[in-house]
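A.B. asks: Fold the following.
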Amino acid sequence: MADFTPFSYEHDNEYELNFGLQPLSIEGTARFILTLRGEEIKKCYPCIGFDHKAIEKLAEHTHYLKIPELLKCISPFNRLSFCYPYVLLMEKLLGLTPSLRTQSLRVIFAELERIRSHMRIISALAQDLGSDIPKIYEIKQSTIIEHFLKNKEDLFQIGGIKYNITDEGIEDIYNWSSKKNNPFLEKISYSLSNNRIFKQRTIGIGIISAEDAVSWGLSGPSLRASGVSWDLRQSSPYDAYSSLSFTPTIENSGDVYSRYLVRAEEIKASLSLISQIIENIPPEENSTIDLSEEDFPSPPAKELYLATESPAGELGISIISDGSSCPYRFHIRTPSFPHLQALNYLGKDTNFGNLVPIIASFDLNMGEVDR
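C.D. replies: Numbers count the residues shown, from 1 in each chain. Next up, the predicted model:
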């Protein structure tokens, strides 16, 4: 992004345009300064700082037990996913090992959030390109997931989970995930995957090669859509993922259509993972844990980094502990920041009409960027 010079034009027919807020897939306030020559974009400069929450600095003055409350504020859609790497890191720092049932339940609810996130991005991409049909079915399926996740935003706790999930609740999730046909997947297969207009607007648009994707720091579906087989659930398995069998979804074209296909296939994979783990979940046991600030053990002075595979990509937490009740340094590695940077590269020398589907094909959360 350093090569941008505001109001610097190489040709007389170039002009500057402020662009933002239009894509439905972006969560938060985004602004792009475009240098246009006719309808061709010559420069695309993403601006940040509009949603700054200072989460990292606040965490350095917050007790370890209360930091998840800050992390949940970053994204209203993936709150469990933001707490997940922090909980795992603190367990590693303190030498805690949760029960197998706890590990299984965490994976189940993390995959439910992944399904909801992917459905939201796919339907938003379709809306940005003029189709409201996937949104209707996304709302219906998301309502079911919301029922499963109701009042469980603080489920993930250091050393365990806050609420034990009953066998009846697990059976409801299994009955939904193991259905032969998912209505949302069936509808997008008809209205998007085989739609001539949708394919014309997405195939060959916003291409990023495997080498460039790695260089720009892409992760998650955006990286796997460029042909790079990298999924932390497989390469560095955590919790119950080590006991599951699955293959990351890979596409090789690296365009908007490939990023859409990867998310659609990962919904199927997540449904399969949920069914797998419920079929082998340990019997009901006391998985809950309720630590107080008085009982919380003093962490050793140490520096640690741990990452999980969030719906958008690699989500990591880095902590430097000095032995006190608050982290000395706290840093979050979110997938949206490198993805936003890549738009500076992907937005160049493309038609203005292609910018919206390019932006929509990345799971951008401006609250992650301005953390």
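
A.B. asks: Run through this protein and note the low-pLDDT ranges.
C.D. replies: 1-12, 21-26, 285-288 (pLDDT under 70).

A.B. asks: So what touches stretch 133-142?
C.D. replies: Here stretch 133-142 makes contact (CB atoms under 8 Å, 6 or more residues apart in numbering) with 115-116, 119-120, 122-124, 126-127, 182-184, 187-188, 191-192. To be clear about C-beta, it is placed using only N, CA and C from the backbone, and glycine gets the same treatment.

A.B. asks: In strands, which of those appear?
C.D. replies: Among the contacts of stretch 133-142, none falls in strands (DSSP state E).

A.B. asks: Not counting sequence-adjacent ones, nearest residue to the spatially most central residue of the chain?
C.D. replies: The centroid of the chain falls nearest to residue 312 when counting by CA atoms, centre = their mean (2.6 Å). Of all residues not flanking residue 312 in the chain, residue 363 sits nearest, at 3.7 Å (CB to CB, 6 or more residues apart in numbering).

A.B. asks: got it, and residue 35?
C.D. replies: Per CB to CB, 6+ apart, closest to residue 35 is residue 43, 3.8 Å.

A.B. asks: Isn't that neighbour up against residue 19?
C.D. replies: No - assessed by CB atoms under 8 Å, residue 43 is found out of contact with residue 19, at 11.7 Å.

A.B. asks: and for these two, which residues touch both?
C.D. replies: Common neighbours of residue 43 and residue 19 are listed as 33, 34 (criterion: CB under 8 Å, 6+ apart).

A.B. asks: These two: who's more crowded?
C.D. replies: Taking neighbours as other CB atoms under 10 Å, residue 43 and residue 19 compare with residue 43 leading, 23 against 19.

A.B. asks: what's near enough to touch that one?
C.D. replies: 4, 33, 34, 35, 347, 348.

A.B. asks: Next, find the distance separating it from residue 351.
C.D. replies: Residue 43 is 14 Å from residue 351, where distance means CB to CB, to the nearest Å.

A.B. asks: Tell me which residues of stretch 347-365 come out buried.
C.D. replies: For stretch 347-365, burial by neighbour count (16 or more other CB atoms under 10 Å) applies to 347, 350, 354-365.

A.B. asks: quick one: which of these sit in helices?
C.D. replies: 355, 356, 357, 358, 359, 360 (DSSP state H).

A.B. asks: Okay, helices next: where are they in the stretch 251-371 of the chain?
C.D. replies: All helices of the stretch 251-371 of the chain, identified by DSSP state H, counting those that start in this stretch, fall at 256-279, 336-346, 355-360, 366-369.

A.B. asks: and of these, who's closest to residue 153?
C.D. replies: Residue 153 sits nearest to helix 366-369 of all the helices of the stretch 251-371 of the chain, at 15.3 Å, using CB to CB.

A.B. asks: And the closest one, what does it pack against?
C.D. replies: helix 336-346 (3 or more CB pairs under 8 Å, 6 or more residues apart in numbering; DSSP states H and E).

A.B. asks: Now do the buried residues in the helix it packs on.
C.D. replies: Those would be 336, 337, 338, 339, 340, 341, 342, 343, 344, 346, for helix 336-346 by 16+ other CB under 10 Å.

A.B. asks: Looks like the fifth one contacts residue 44 (just checking).
C.D. replies: No - no contact is recorded between residue 340 and residue 44 when judged using CB under 8 Å, the distance being 10.6 Å.

A.B. asks: Buried members of the contacts of stretch 133-142 into PyMOL, please.
C.D. replies: Restricted to buried positions by 16+ other CB under 10 Å, the PyMOL selection for these reads:
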select buried, resi 115+116+119+120+122+123+124+126+127+182+184+187+188+191+192
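
A.B. asks: Out of the contacts of stretch 133-142, the closest to residue 323 would be?
C.D. replies: Nearest to residue 323 out of the contacts of stretch 133-142 is residue 116 (CB to CB; 38.7 Å).

A.B. asks: Between helix 336-346 and the strand or helix carrying the residue nearest to residue 35, find me the angle.
C.D. replies: For residue 43, the host element (DSSP states H and E) is strand 40-47. Interaxial angle, strand 40-47 versus helix 336-346 (axes from the mean of the first three to the mean of the last three CA atoms, to 10 degrees): 160 degrees.

A.B. asks: thinking again about what came up before, among the contacts of stretch 133-142, which are located in helices?
C.D. replies: 115-116, 119-120, 122-124, 126-127, 183-184, 187-188.

A.B. asks: For residue 90, which non-adjacent residue is closest in space?
C.D. replies: Nearest one to residue 90, counting by CB to CB, 6+ apart, is residue 158 at 4.7 Å.

A.B. asks: Surely the one you found and residue 87 touch.
C.D. replies: Yes - if you go by CB under 8 Å, residue 158 and residue 87 touch, sitting 5.6 Å apart.

A.B. asks: The two: who's more crowded?
C.D. replies: Taking other CB under 10 Å, residue 158 and residue 87 do not tie; residue 87 has more neighbours (27 against 23).

A.B. asks: Check which helix or strand that one maps to.
C.D. replies: Using DSSP H and E, residue 87 falls in helix 79-94.

A.B. asks: Would you pull up how far that helix lies from the middle of the chain?
C.D. replies: 15 Å (CA atoms, centre = their mean, to the nearest Å).

A.B. asks: Neighbours of residue 96, how many?
C.D. replies: Neighbour tally, residue 96, other CB under 10 Å: 16.

A.B. asks: same thing with residue 218?
C.D. replies: For residue 218, the neighbour count with other CB under 10 Å is 28.

A.B. asks: give the contact list for it.
C.D. replies: By CB under 8 Å, 6+ apart, the residues touching residue 218 are 208, 226, 313, 335, 338, 339, 342.

A.B. asks: Who does the closest residue to residue 59 other than its chain neighbours form a beta bridge with?
C.D. replies: The shortest distance from residue 59 to any non-neighbouring residue, by CB to CB, 6+ apart, is to residue 330 (4.0 Å). For residue 330, the beta-bridge partners under DSSP bridges are residue 319.
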